[in-house]
Each structure stands twice: as structure tokens, then as C-alpha cells.
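Undergrad: Quick one, structure for this:
(chains A and B)
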Amino acid sequence: MTELTSLTLAEARDRLRKKDISAVELTSAHVAAVEKARALNAYVLETPEQAVAMAKASDARLAKGEAGPLEGIPLAIKDLFATKGVRTTACSHILDNFVPTYESTITAQLWRDGAVMLGKTNNDEFAMGSSNETSSFGTVQSPWRREGSNTPLVPGGSSGGSAAAVAAQLCLGATATDTGGSIRQPAAFTGTVGIKPTYGRCSRWGVVAFASSLDQAGPIAKTVRDAAIMLRSMAGPDAKDTTCVDRPVPDFEAAIGKSVKGLRIGIPKEYRLDGMPAEIEKIWQQGCDWLKSAGAELVDVSLPHTKYALPAYYIVAPAEASSNLARYDGVRYGLRVPGRDITDMYEKTRAEGFGAEVRRRVMIGTYVLSAGYYDAYYLRAQQVRTLIKRDFEQCFAVGVHAMLTPATPSAAFGIGEKGGADPVEMYLNDVFTVTVNMAGLPGIAVPAGSDGQGLPLGLQLIGRPFDEETLFSLGEVIEREAGRFVAKPWW
Amino acid sequence: MSVDADTVRRIARLARIAVAEDEVEHLKGELNAMLAFVEQLQEVDVAGVEPMTSVTPMAMKMRKDEVTDGGNAEAVLANAPQSEDGFYLVPKVIE
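TA: Numbers count the residues shown, from 1 in each chain, chains lettered A, B, ... in the order given. Below is the predicted model of the structure:
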């Protein structure tokens, strides 16, 4: 049975089609693995009965030769995606008992294509965090540990449960969302592949909103090919989301193995930070060498406004969050704490329902949008955002096809190690990923090596708008050279 | 720029989040750490730069102005903490 959970999504798909295995066998093996791995806290809700029922339906379609692109593939769904009749909480106490009466567009497309739902995965509350430590369901433990150590490590965040579930082989792929790095950073921490597509590639309808101009969903998967297969099903136009573009979805999988000869890869000098660990420098150089040997041309580029991306993000994202989270008022859904009048009810409900990080961000967002401060903070941040995007556009205009950078400034850290005294310490995790959200570009994190203690490290490729295909081609070159990174079970 | 205790209380009110008096000092410290961090944006020359309004240049989608949905009062109210006769119930607002 364990053998079935070690398959990649592509391998499982091919074996299902050849009838080597059944969807029920494949799903049952994953259901058993999920039950055995509860110590990780990767899933906040398991749906084994629904999973087996969906797998049976898949077997029937496979038998009739009507298999969809993801037929019988067991997936995990981040608890930020509304799933009809299945509790969806965004891992916030304020949504403890929320059971959607509708399905998000992305998950609806996954089920349309035959996928099977194993359950809902843990994340930072409302996706606000970089370590999965702000979840109302508690921290996720990474399946990875430092060599010879029992110290529990974070899986990264906010999609920490999804990344841990994929890394621990508790699903064949997982949905995730990325506002400042929440797909790519946990993927890098867990040795998995995560892609944040171009803003507008995937519908945001039915995905709990954090910062609407930055939020974008994507997959976390075991391999680059698996991520490409999943993204094809997740992406596509949607009349219900006006920011979702009307563009046909390419066959992303066809980009795997395509030659990267002659592609120009920008190496942005601003990503070389003072005090960056030598191992990060090393894998970055290694990645450059691999792409060069595959025929790509490396060019030094400059993105001068890089250092302003994170501070600008911490104005734009909280501002949008304060607006989006105004809906949690104890009236229409979620928690209600009674008060002496309606304002008192709002205030008590939100005080009890929101965790510390969410409260902090809603308050800072309220402040920067308040009368007298809007121009100094929010307007200026949006101007800086224009400059960040312009930096990228100028590089792409002179023929750069993609950029290669580290994905994170370090390997995974211990639970409780960061951000205790100063929230900014935690925010710095996203220093390499957040620029991509600010500019709306696609970015993929691919495992590329290990640090001295055996923990995976990732590289990031940043692409031109709507050119995810080039990222899949380049990402697979790195994957081929670096090999796969699979955590040794201790749970 | 930094915030004082009174400003923290004012922001909490605007955000409709009850903050206990013994949390004000701590919150002030956290908010000021964030404000100090974003302070570096002041050194960027933004003269004449258009603020970003849409990260992907695209025309707003239009659809026919017709009823496509509705009649789902039960589904809409399914998650309400308190409802009655097809309405949400809230504490008395007008005396």
C-alpha cells in the first residue's frame, strides 16, 4: 500500500489508465497514510468517506473510458477554498463552523476533471503567516527534520498543511494560495514544487480573500510535471471573477522537456543579500550552471526597487485585508459574540474571532487607509508597486525570458523560533517571493539542493506574464539535475 | 511616523475590534515596529509615478444585465448565527 502513496501524480494517472491500479486502491492507500500522519497536523479535516465515494465514481468512468485529466487522483485542498457541504474555516476561529453552500471555481474544475478530495489542509489564519503558526488549528510539523535532531520544524506558510501533505506523501498534490510567497516558500521548505501563476490565470471565486490584488491560487506538487498537470485543471476563465483573464489555458505539461536552449535568464543582483547563508549562494550558483549547461544564456540584470517590495507589501496587503475582513461581523456567517448593542457585538466578535496576527494586520491596514494617512502610506505604496513592476518590464523588454533567484533566504526553521518579539523578523521570509506578487508575475519554486543539515532548499524562477510554460521547462531542468527530495518518515 | 496609545484605541474602534486596556501598550509596540519597517518607502522618488490600480492590464468584463441567480434565501441564511423568517437577526439598531 505504501508504494501507491510514493507514486507521482503523473505515474498514478498513467497506471490508472492502464488499469494497473484502481482509483479506490489509490485513494484508500492515501486515506490510510493521512490517518497515520495526524501528528503532522497537516489536515484540519479528513473526508475519507467522500474520498472513497469519489474514487468509486472515478473507477466507473475509467472503466467506461471516460476518464478526465485528473481521474481518480487524490488531492488535498487548502482550507481557504470553499467546498460545498464541507467545513471551510480559513483556519480562523471566526469561521469555526462555516459550511459553504457553494463550491469554489478551482475545486469545481478539479472535480470536473475527476480528482478526489482527501480533506482540507491547515494554513496560517486567513493565509497571514509564513510558518503555519498562526492557524487556529495549531502549527503543522514539517515532515523534514535536521539530521540527527528531533527539533520540530515549520513547513513554511501560509500553505503549510498543503506543502507538508505533499512532502509526507499524504496526497498526490494539493491546492494552495500565494499572496506574498505562500505557495513558493512552503514548497521550498518541504522539498516540493509550487507555482504561483500569473495574476488572473486562476479564478479567485470561492477562495477566502486576503488581499485581492495579490492573491492567486496554484498547486503544490511532488514534481514539476505534476504541478503542470494540476495547474491546467485549476486555471481558466471564469465569469464569476472579473480579474480572471479570458485566455485559453495551454497544455502546460507539453512544456516539460522542451529545450531551454537560447533562453535568456536574468540573474538579479539585488537578490544577493548581505549575510545570506553560503548554502543559498551555492545552490543559486549551481542552478545557474545547470541552466547554462542546458543551453540557456545567463545575463546579469538589475531590479533596483527590490528592497522596497516587502515594505510596500506590508501596506498594500494589510490595507486590502482590513477591507476584505470587514465582512466578518457576526451577522451573516461565522462566530457571534453577543454585546450590549450592535457595535459592541461587532467588536467582541472580531476580538474573539481573530488571532493576534490577523488583528495586527487588520489594524495596520485600517490605520494606513484612515483619513490623513492614505496618501503617505497607501498611495505611495501603490506608486512603489508601479516601479517594482516597471523594473521587471524593462528586463523583459530587452529579451530576458525568465529570472533565477533563491526561493527563501534560509532553510526551514524551528517552531516558535521566529517573530516572537518583532513581527518583521517573520516577514523577511518572503523577501524573494513578494516582488512577484507585487508585479503580478508567475513564479515557481523548485527544490535544488540541501543545506548542511539535510534540509531542502529551493530556487525560484520568475516568468513573463502568462508564460508559465517557460517556467515549467526551466524548472524541470533544475529538477532533473537536483533530483527529488523525499522526507524520511518519523511519524 | 509612529502611533501613541490613543491612536491604537482609535484604530481598534475603526477596525471594530475590542482591545482590552492591558493590550494597548503591546499593540502599540507591534504597530510601531511595522510602521518603522515601512518608513523606508519615504526615500523612494515617486514624483509623477502612477499608482498601480490593476496589475494585469485588462478591460473590465461586461455581461448582460439580467437576473442569473436568486431565490436561494435558505442557502444564503444557512450559516447565519441568528435568523428568522428569511431575515438576519441583529441587536436593535434604531431606538
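
Undergrad: What segments of chain B are strands?
TA: Using DSSP state E, the strands found in chain B span residues B:83-84, B:87-88.

Undergrad: and of these, who's closest to chain A?
TA: The closest of those to chain A is strand B:87-88. By CB to the nearest CB, the value is 5.4 Å. To be clear about C-beta, it is placed using only N, CA and C from the backbone, and glycine gets the same treatment.

Undergrad: For the closest residue to chain B within the stretch 51-200 of chain A, give its distance to residue A:302.
TA: Closest approach between the stretch 51-200 of chain A and chain B, counting by CB to the nearest CB: residue A:101, at 4.0 Å. Per CB to CB, to the nearest Å, residue A:101 is found 50 Å from residue A:302.

Undergrad: so residue A:219 sits in a helix?
TA: No: judged by DSSP: H, G, I helix; E, B strand; the rest coil, residue A:219 forms no part of a helix; its state is strand.

Undergrad: how far away is it from residue A:315?
TA: Plainly put, residue A:219 is 29 Å away from residue A:315 if you go by CB to CB.

Undergrad: if you count what's nearby, which of the two comes out ahead?
TA: Using other CB atoms under 10 Å in any protein chain shown, the more surrounded residue of residue A:219 and residue A:315 is residue A:219, with 34 against 28.

Undergrad: Quick check: the more buried one touching residue A:175?
TA: Yes: counting by CB atoms under 8 Å, residue A:219 does reach residue A:175; the two are 6.4 Å apart.

Undergrad: Give me the common contacts of these two.
TA: A:230, A:234 (CB atoms under 8 Å, 6 or more residues apart in numbering or on different chains).

Undergrad: Shouldn't the residue of the stretch 51-200 of chain A closest to chain B be within a strand?
TA: No: Residue A:101: not assigned to a strand; according to three-state DSSP it is coil.

Undergrad: Roughly how far does residue A:324 sit from residue B:11?
TA: When residue A:324 is compared with residue B:11 (using CB to CB), they lie 17 Å apart.

Undergrad: correction: residue A:490
TA: From residue A:490 to residue B:11 the distance is 45 Å (CB to CB).

Undergrad: what's the longest helix seen in chain A packed up against?
TA: Looking across chain A with DSSP state H, the single longest helix is helix A:380-397. Secondary-structure packing of helix A:380-397 (3 or more CB pairs under 8 Å, 6 or more residues apart in numbering or on different chains; DSSP states H and E): helix A:309-324, helix A:434-439.

Undergrad: Show me what the helix or strand hosting residue A:110 is in contact with.
TA: In the assignment (DSSP states H and E), residue A:110 maps to helix A:105-112. Applying CB under 8 Å, 6+ apart, the contact partners of helix A:105-112 are A:54, A:68, A:70, A:75, A:77, A:81-83, A:103, A:117, A:175, A:202-203, A:205-207, A:217, A:230, A:233-234, A:236, A:238, A:240-241, A:244.

Undergrad: what does the average pLDDT come to for that helix?
TA: Per-region confidence: helix A:105-112 scores 98 on mean pLDDT.

Undergrad: repeat for stretch A:332-348
TA: The model assigns stretch A:332-348 a mean pLDDT of 96.

Undergrad: how deep is the residue of the stretch 51-200 of chain A closest to chain B tucked in, by neighbour count?
TA: By other CB under 10 Å, neighbour count at residue A:101 equals 15.

Undergrad: Same drill for residue A:324 and residue B:11, tell me which one is more crowded.
TA: residue B:11 (23 against 18).

Undergrad: Tell me where the stretch 101-250 of chain A has helices.
TA: With helices called from DSSP state H, counting those that start in this stretch, the stretch 101-250 of chain A shows them at A:105-112, A:160-167, A:184-190, A:224-234.

Undergrad: Rebuild those as TSV, extending it with mean neighbour count and distance to residue A:470.
TA: Output for the helices of the stretch 101-250 of chain A, formatted as TSV (neighbours: other CB atoms under 10 Å in any protein chain shown; distance: least, CB to CB, whole Å):
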stretch	mean neighbour count	distance to residue A:470
helix A:105-112	22	23
helix A:160-167	35	23
helix A:184-190	35	16
helix A:224-234	26	12
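
Undergrad: Go through these and name the closest to residue A:380.
TA: Of all the helices of the stretch 101-250 of chain A, it is helix A:184-190 that lies closest to residue A:380, at 26.2 Å by CB to CB.
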